Every structure is written in C-alpha cells, then in structure tokens.
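**Student:** kindly generate the corresponding structure for this input.
(one chain, ligands or ions: 1)
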Amino acid sequence: MLKKAMPRSLPSLPPQASVMGLPVHLQSNYVDWLLSQLQQKKGVHIVTLNAEMAMQAEQDEALATVIRQAELVIPDGAGVVFYLRLRGKLVNRCPGIELAEMLLTRAASQIPQGSPELAPCPIFFYGGAPGVSEAAAVEWQRRAPGVAIVGTQNGYITPAEQPQLLQTLAELQPRIILVGLGVPRQEFWIAEHRHICPNAIWIGVGGSFDIWAGSKDRAPGWLRNNNLEWTYRLYQEPWRWRRMMALPQFALKSLTYW
Ligand code: UDP
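**Tutor:** Residues are numbered from 1 along each chain as shown. This is a model prediction of the structure:
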C-alpha cells in the first residue's frame with residue numbers, strides 16, 4: 001500500500017546542494033517524494049543532471065534557468081556525485097533511467113492499490129525515432145502489466161504536427177510524461193509545455209526509450225558501478241567524443257569552482 005510505504009512526512013521541496021551554481025536536490029528516496037507530489041496533484045519537472053549538461057548550462061543561460069526552475073534535479077552522473085563528494089556531500093548517483101523505471105513500476109502497482117484517486121495513473125511517452133516509444137511501451141506492458149501508457153509519440157514530428165501532440169496531451173492529461181528528445185531539447189520542451197498538464201510529473205529521459213525498446217543497451221554493471229558508463233557510450237556512439245570533451249573540463253571545474 002502506498003500510504004504504508006511512504007515516510008510520515010515528506011518536505012514540500014527536497015533540500016538542495018549546488019553544482020557550479022545549479023541545484024541538485026538531495027533526497028534518500030526520490031520516488032516516495034514524487035508519489036507524494038502526485039497525490040497532492042503538484043506538477044514536477046525532473047532534470048537528470050550530469051557533467052555534460054552542467055557544462056552546457058554554463059554556456060547557455062536559458063538552459064541554466066530551466067534547470068534552476070525544475071522542482072527536482074537529481075545527480076544522474078558520476079561527475080556530479082564526484083563534485084558533491086569533494087565538497088563533503090556524500091550523495092549516491094541516481095541515473096534518470098533508473099528513477100523513471102522505479103516510478104513507472106510504482107505507478108503500475110502501488111498507486112492503484114494505495115491511492116484509488118490516482119488509478120489508473122496515465123503515462124505518456126514522447127521521443128525517440130519512429131517506432132521506438134511504441135516498442136518501449138510494449139516492453140513496459142510486459143514488465144509491469146498494470147502500467148497505463150495512454151499514448152506515445154515519436155520525437156521527430158514536424159513543427160506543423162506539434163499542435164496535435166499538445167492537444168492530445170491536453171485531452172489525455174497524463175500524470176507522468178516521459179520526454180526523450182536529448183539534452184537540452186527535452187528540457188526546453190518540457191519548460192515550454194508543462195502548463196498543458198499542470199499536475200503531471202515531467203521527466204527528460206534522454207535515450208531511455210531506445211534502451212527499453214532494445215535498440216541500444218546500457219553499459220554492463222561493472223562499468224556502471226565503477227563510474228565508467230561514459231566509456232561504453234563512447235564505444236557505442238563514437239560521434240559523442242566531441243560532447244564528451246566536456247567531461248575532463250567538468251573534472252577540472254570540480255577542483256577549481258568554489
Ligand atoms: N531524439 C528525438 N528527437 C530529436 C532528437 C533526438 O526524439 O529531434 C531522441 C533520439 O532518438 C534519442 C534521444 O532523443 O532517443 C537522445 O538520446 P541521447 O542518449 O543522445 O540523450 P542525451 O545523451 O542527450 O540525454
């Protein structure tokens with residue numbers, strides 16, 4: 001039951017630390033906090049902060065503003081965890097894909113049992129190449145048969161097709177909306193359109209649909225556990241090398257930005 005699983009009182013905003021002037025919220029259990037926001041019908045934009053995004057935000061004030069306005073910024077990347085540990089904050093990494101998976105699993109099982117007012121908790125997937133978000137939805141139906149994915153849309157629609165998507169969202173009023181358009185496109189898109197479903201949890205999930213659909217896979221556990229997930233991404237997608245130049249720059253910033 002959801003109510004039993006939740007701590008007695010969850011603060012309305014989680015405490016936060018700073019990574020190069022950007023917030024990172026510190027919470028031992030993000031999912032319980034998110035479920036309490038869902039119950040209270042509070043909208044949430046989740047940003048999954050990693051070193052690449054922090055370096056992008058340093059060059060792009062509009063992106064930094066969107067990150068600062070998000071209700072929840074989680075330490076998605078090993079670099080962010082390293083930066084905070086250097087400053088005495090012992091946080092654990094929380095990859096966005098894992099938070100999304102925990103949230104979908106709880107939405108599929110616990111919310112309908114524990115909080116009938118949220119049942120079914122409608123979920124929408126937006127992003128990825130044509131067919132990918134549909135395949136991800138099929139995979140989720142297999143993993144968690146109670147999951148209520150009410151719609152999917154690929155991430156390559158034309159500007160002329162956008163109004164139809166926005167109207168669909170307005171009509172369906174999903175409570176959890178996963179947006180996988182890549183950084184920073186997904187963050188800007190969510191910030192611009194979240195008013196359409198003001199009570200929803202909106203998450204920028206990057207390439208998570210590709211992974212659920214089976215078109216890409218995550219790094220093996222031993223690489224993930226040793227903060228080396230980025231090496232696997234570079235091996236799978238060598239074109240990323242230019243973007244990944246941000247990583248050593250971020251490491252340097254970690255030592256010099258006080
Ligand atoms: N994508 C999309 N529309 C676009 C550009 C990208 O839907 O116009 C999708 C792409 O198919 C992929 C995801 O966005 O599924 C980006 O994944 P990536 O792992 O590159 O995300 P990031 O590293 O930026 O978080």
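**Student:** CA atoms for contacts and neighbours, from now on please.
**Tutor:** Noted.
**Student:** the longest helix belonging to the chain and the ligand, are they touching?
**Tutor:** Longest helix in the chain by number of residues, with DSSP state H as the criterion: helix 96-114. No - using C-alpha under 6 Å from any ligand atom, helix 96-114 never reaches the ligand; the gap is at least 9.3 Å.
**Student:** how about the following helix or strand past that helix as PDB, C-alpha atoms only?
**Tutor:** Using DSSP states H and E, the helix or strand that follows helix 96-114 in sequence is strand 122-127. C-alpha atoms of strand 122-127 as PDB (Å, rounded to 0.1, in the frame of the first residue of the first chain):
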ATOM      1  CA  PRO A 122      -2.000   7.600 -17.100                       C
ATOM      2  CA  ILE A 123       1.500   7.700 -18.600                       C
ATOM      3  CA  PHE A 124       2.700   9.200 -21.900                       C
ATOM      4  CA  PHE A 125       6.000   8.600 -23.800                       C
ATOM      5  CA  TYR A 126       7.300  11.300 -26.200                       C
ATOM      6  CA  GLY A 127      10.600  10.900 -28.100                       C
END
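**Student:** how is residue 199 assigned, secondary-structure-wise?
**Tutor:** The assignment at residue 199 comes out as coil when based on DSSP: H, G, I helix; E, B strand; the rest coil.
**Student:** contacts only, for it.
**Tutor:** When contacts are counted by C-alpha atoms under 8 Å, 6 or more residues apart in numbering, residue 199 touches 38, 41-44, 175.
**Student:** setting aside sequence neighbours, what's the nearest residue to it?
**Tutor:** Residue nearest to residue 199 in three dimensions, not counting chain neighbours: residue 43, with 4.2 Å by C-alpha to C-alpha, 6 or more residues apart in numbering.
**Student:** pretty sure residue 244 contacts residue 50?
**Tutor:** No - between residue 244 and residue 50 there is no contact under C-alpha atoms under 8 Å: 11.3 Å.
**Student:** neighbour count: those two, which is higher?
**Tutor:** For residue 244 versus residue 50, neighbours defined as other C-alpha atoms under 10 Å are more numerous around residue 50 (22 against 18).
**Student:** got phi/psi on that one?
**Tutor:** The phi and psi values for residue 50, taken as degrees, to the nearest 10, are phi -130, psi 180.
**Student:** can you check residue 153 too?
**Tutor:** Backbone phi and psi, for residue 153 under degrees, to the nearest 10, turn out to be phi -150, psi 130.
**Student:** find me the pLDDT at residue 245, would you?
**Tutor:** Looking at residue 245, its pLDDT stands at 88.
**Student:** no wait, residue 95
**Tutor:** In this model, residue 95 is scored at 95, pLDDT.
**Student:** these two touch, right, it and residue 78?
**Tutor:** No - counting by C-alpha under 8 Å, residue 95 stays clear of residue 78, with 9.1 Å between them.
**Student:** those two - which one has more neighbours?
**Tutor:** The residue with more neighbours, out of residue 95 and residue 78, is residue 78; 23 against 18, by other C-alpha under 10 Å.
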